[in-house]
Structure formats: C-alpha cells, structure tokens
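Trainee: this one's sequence-less:
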Ligand code: FES
Ligand code: FES
C-alpha cells in the first residue's frame, strides 16, 4: 500500500498498530510533525489528509493508503501563513507551530477564496484554530499572523528579518528537537502515570522482569493527581515501549480526594500535604 506524501509515492504500513504520526516521523523522517499529547487534544501533529487538517497521532498509519498527505515540510516555507508566523513572532519554542501552520494554511486559503483579501475577526480565527494548544502562550502573535496572511500581506517575502532567529526553521519543520534525534540504538521511553487522584502505591510490577523500569515515585510512595508519574519503562521501539508500559501493573491503596473548591475547604477535607516539610520533601 502506498500514499502520496509531500508529492512522493511512499509505502505505508499495512497494520494499524503504528500511528500515522509515528510513520511520518520514524518511518519517513518527516520530524516536522510533532507529537505532544499523543491523545488528539493539542493539534501539534496536524497534517493534511486529502487537504483536510487531521490529527495524525490518533490515525492508524494504514489509513493513509491511497491518500494524499501534506506535512509542514510539504508547505515548503512558501505559504504566506508561514512567513506571517515568522514575521509576527507567532511562536516561542515552536513545538506547536507545525500543527498551527498546517491548520492555518487551510483557513487562510479558504478565507481568501471566500472573502478576498480581507481581515477575519478574532472569533473566526479562534474557531478555526480551536483544536490547537500553545503551551508557550504565543497566541497574540498567532492571531496577528493569521489575520495578516488573510489580508494578503505575506504573498511575497517580507522585507524584514523575523524577530526570532530560528523562526524560519520552526515554521517549516526544519528545526530539530531532542525528540527528533534518533541515532542507531536509541530506545523509546514511556512514563506510566497514575489513574487515581490520591493513593499510596504499594507496588509496581512489570510483566517481563527484563524490562528496564525506573521508579519515579516520591519517597512517601504517594500519588496526588491523575497523571502523576509513577515509573518509566524503555524498549528498542516505540511499539515495544508502549506494550511494556501497558503491561506494568500498579497496586494502589486509594486515599480520599476532592476535586471541588468548596469540598477542599470543608473541615476534615483530605490534605494534599499535611505539613510544609512534607510538601518540600515530595
Ligand atoms: S499530539 Fe496529536 S493531538 Fe496532540
Ligand atoms: S510556541 Fe511553544 S508550545 Fe507553542
């Protein structure tokens, strides 16, 4: 099975076990597509599938067969919205930027086709990019960049240098992050996280004793929020690492927890840390 990716015919896996994002990054070396949440929430992994913005971390790679895929690299740095992001400093670390840029390229093209070179409202831009999170908070620059691209202000090269020296690398997907480096022999790590808001962890076990497991619990062996890191496992491939993490069993001793402000203020409410000293040690 094949897909057209950025203009080239490439093979795609015939199994749904690999995500489209993993195949693009690990199989094809297109590391401009970022994986941040891995759960379809943040938009960092957005690519175009037959022209539609799609989160690739949840899409099985075999679903790309016969489709046309465009990643941030496929925009070539020539799309007006890429120049606008750079000129308006719509980025900081740039990890969310490929996803924003890919989605915004469709919005800008559609807006200009329907409305001419006019400026969309802030609400229209927010609606279009609602599936994207920027943890650095570069939203003001992003709003300005998308509006300016819609107005036609970046159809040719801007006549000034972008305020951020690595902006062009980040808006084109050329920027290489530590997670994009995979020298031969690199293993993948996966963190096993708490599924309970408050519990003491009695034990953490791997199904295979040969699996390397690193304990990440604090000295009091207590988890205090859903998602707290409990342990990390590693394996030669992402699939093996995810399987190893799924095979970890955590023996919890659940403790009371509250999730509302009033309940947390009520007399006798469970304490996150009974004393300042214990909080400092955690
Ligand atoms: S990494 Fe795919 S949506 Fe966050
Ligand atoms: S620029 Fe850092 S997450 Fe958006």
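Mentor: Everything's here; your move. Please read these numbers as outputs of a predicted model, since none were measured by experiment. Ligands and ions are numbered 1, 2, ... in the order given.

Trainee: C-alpha only now, for contacts and for neighbours.
Mentor: OK.

Trainee: The helix or strand residue 10 falls within packs against which elements?
Mentor: If you go by DSSP states H and E, residue 10 is part of strand 8-11. Judged by 3 or more C-alpha pairs under 8 Å, 6 or more residues apart in numbering; DSSP states H and E, strand 8-11 is in contact with strand 2-5.

Trainee: Would you mind listing the outside residues contacting the strand it packs on?
Mentor: Contact partners of strand 2-5, identified using C-alpha atoms under 8 Å, 6 or more residues apart in numbering, comprise 9-12, 64-71.

Trainee: Quick check on the closest residue to residue 157 other than its chain neighbours: phi, psi?
Mentor: Sequence neighbours aside, residue 83 is the residue nearest to residue 157 in space, at 7.1 Å (criterion: C-alpha to C-alpha, 6 or more residues apart in numbering). As for residue 83, its main-chain torsions (degrees, to the nearest 10) stand at phi -60, psi -40.

Trainee: same question, the one 3 residues further on
Mentor: Backbone torsions for residue 86, taken as degrees, to the nearest 10, come to phi -70, psi -50.

Trainee: Would you enumerate the residues in contact with it?
Mentor: Contacts of residue 86 by C-alpha under 8 Å, 6+ apart are 162-164, 167-168, 171.

Trainee: before we move on, the earlier item: can you lay out the contacts of strand 2-5 as CSV showing pLDDT, distance to ligand 2 and neighbour count?
Mentor: Converted to CSV, these look like this (pLDDT from 0 to 100; distance: C-alpha to the nearest ligand atom, whole Å; neighbours: other C-alpha atoms under 10 Å):
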residue, pLDDT, distance to ligand 2, neighbour count
9, 97, 31, 13
10, 95, 30, 13
11, 93, 31, 18
12, 93, 29, 22
64, 97, 27, 24
65, 96, 31, 17
66, 96, 32, 15
67, 97, 28, 15
68, 98, 27, 19
69, 98, 23, 23
70, 98, 21, 21
71, 98, 17, 26
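
Trainee: Just put those residues in a markdown table and tack on distance to residue 191.
Mentor: Listed next are those as a markdown table, based on distance: C-alpha to C-alpha, whole Å:
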| residue | distance to residue 191 |
| --- | --- |
| 9 | 35 |
| 10 | 32 |
| 11 | 31 |
| 12 | 28 |
| 64 | 28 |
| 65 | 31 |
| 66 | 34 |
| 67 | 33 |
| 68 | 33 |
| 69 | 30 |
| 70 | 30 |
| 71 | 28 |
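
Trainee: Say whether ligand 2 is contacted by stretch 89-97.
Mentor: Yes. Stretch 89-97 lies within reach of ligand 2 by C-alpha under 6 Å from any ligand atom, at 91-97.

Trainee: pLDDT-wise, which helix or strand of this protein ranks last?
Mentor: Lowest on mean pLDDT, DSSP states H and E among the helices and strands of the chain sits helix 276-281, with a mean of 72.

Trainee: out of the residues of stretch 89-97 next to ligand 2, which are buried?
Mentor: Neighbour-count burial (16 or more other C-alpha atoms under 10 Å) applied to the residues of stretch 89-97 next to ligand 2 gives 91-92, 94-97.

Trainee: Now go through those and say which are in helices.
Mentor: Using DSSP state H, residue 97 are the members of those that sit in helices.
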